[in-house]
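>>> Here you go, sequence then predicted model.
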Amino acid sequence: MRGLVAACFPVLVLIGAWSRAAAAPYPVGGDSIAIIRTGDFHGNAVESRDGERWFGAFDSAGVTTLREVTILVTTIHDDVTDRAGADTGKRIKIEGGGEPIFLVRSEGMSAGPVTTRIAKPRQIEPGKPMRLAALRGRADYRLVGRWLPMRKGYENRGYRLAIETTDARKKRSQRLLDLGTIDESIPPVIWAGDLDRDGRLDLVLEIGNHYGVEDWGLYLSSRATGGDLMTLVAHRRHGGC
């Protein structure tokens, strides 16, 4: 959801420290990465400060380019919680205009195009897997959605999203989402491509399961361990009533 999000839960930002030993093609210096988006929010849902430098992921005809930008954080009237004359909401936008798909921040990240497979939100419906073309000659990927049985005490089914590929003739798969119930619709894949430029797939997913919660998670292949294809390294959550 792109409007003001009612914040009954605190904002959670999970910062994943990239190991300097990871096979990332650019150094990560201070080791942290974060993800946000532009838009209007409740004041207590914004930790970013006016003037911070981020990398915006901009789409042009299905190709994503990272561009370093300055974010502008301004105070606005919050129609949900503010009384007349009060202005406690926050708006995040970028200096000079433009609407990035998302904003990421990490020391050592560089501007320029990144290989892209999905640039607009896509739902992966059960029974309709999505094939994503290989990166740098590797095997293709498949995103597979599945309904989960309705749990006792819940009104809606659950949803599972998995990723599959073949490596050295061996099929590999990983569960990315395992939601016991979803309130309205299937959480979409926001973006897919090679954000860390290591020749393997990275994802930005909606990982929330409630109509009043927006939670964008960033999964990077360069942080994968234990046979996984990728790891959740950062997410930004706005909770609603």
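Structure's in. What do you need? Keep in mind the model is a prediction, meaning the values are calculated, not measured. Numbers count the residues shown, from 1 in each chain.

>>> how far away is residue 168 from residue 214?
Using Cβ to Cβ, to the nearest Å, residue 168 is found at 38 Å from residue 214. For the C-beta atoms, the positions are set from N, CA and C on the backbone; glycine is no exception.

>>> Tell me which of those two has more neighbours.
residue 214 (22 against 6; other Cβ atoms under 10 Å).

>>> is it true that the more buried one touches residue 206?
Yes: under the contact definition of Cβ atoms under 8 Å, residue 214 touches residue 206, with a separation of 7.2 Å.

>>> So for the two, which residues contact both of them?
Counting by Cβ atoms under 8 Å, 6 or more residues apart in numbering, residue 214 and residue 206 have no shared contacts at all.

>>> can you pull the contacts of the residue nearest to residue 89 when sequence neighbours are not counted?
When the adjacent residues along the chain are set aside, residue 89 lies closest to residue 78, with 3.5 Å between them (Cβ to Cβ, 6 or more residues apart in numbering). Residues counted as contacts of residue 78 (Cβ under 8 Å, 6+ apart) are 4, 42, 43, 86, 87, 88, 89.

>>> Which ones among those residues map onto strands?
Where the contacts of residue 78 overlap with strands, as defined by DSSP state E, the overlap consists of residue 89.

>>> Can I get the contacts of residue 78 in a markdown table including pLDDT and distance to residue 195?
Below are the contacts of residue 78 laid out as a markdown table (pLDDT from 0 to 100; distance: Cβ to Cβ, whole Å):
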| residue | pLDDT | distance to residue 195 |
| --- | --- | --- |
| 4 | 51 | 28 |
| 42 | 87 | 28 |
| 43 | 87 | 30 |
| 86 | 96 | 39 |
| 87 | 96 | 35 |
| 88 | 93 | 33 |
| 89 | 92 | 30 |
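
>>> Farthest pair within the contacts of residue 78?
Looking at the contacts of residue 78 by Cβ to Cβ, the two members farthest from one another are 4 and 86, with 13.8 Å of separation.

>>> Averaged pLDDT, the longest strand along the chain. What do you get?
In terms of residue count, the longest strand belonging to the chain (DSSP E) is strand 63-76. The average pLDDT for strand 63-76 rounds to 97.

>>> repeat for stretch 172-182
For stretch 172-182, mean pLDDT is 93.

>>> Can you show me the CA trace of that stretch as CSV?
Written as CSV, here are the backbone C-alpha positions of stretch 172-182 (Å, rounded to 0.1, in the frame of the first residue of the first chain):
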residue,chain,number,x,y,z
ARG,A,172,18.1,-26.9,-5.5
SER,A,173,15.1,-25.3,-3.8
GLN,A,174,14.5,-22.9,-0.9
ARG,A,175,11.4,-21.7,0.9
LEU,A,176,11.3,-17.9,1.0
LEU,A,177,7.8,-17.3,2.5
ASP,A,178,5.8,-19.7,4.7
LEU,A,179,2.8,-17.7,5.8
GLY,A,180,0.2,-19.5,7.9
THR,A,181,-2.5,-17.2,6.7
ILE,A,182,-2.9,-14.2,4.4
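
>>> Kind regards, and thank you for your time.
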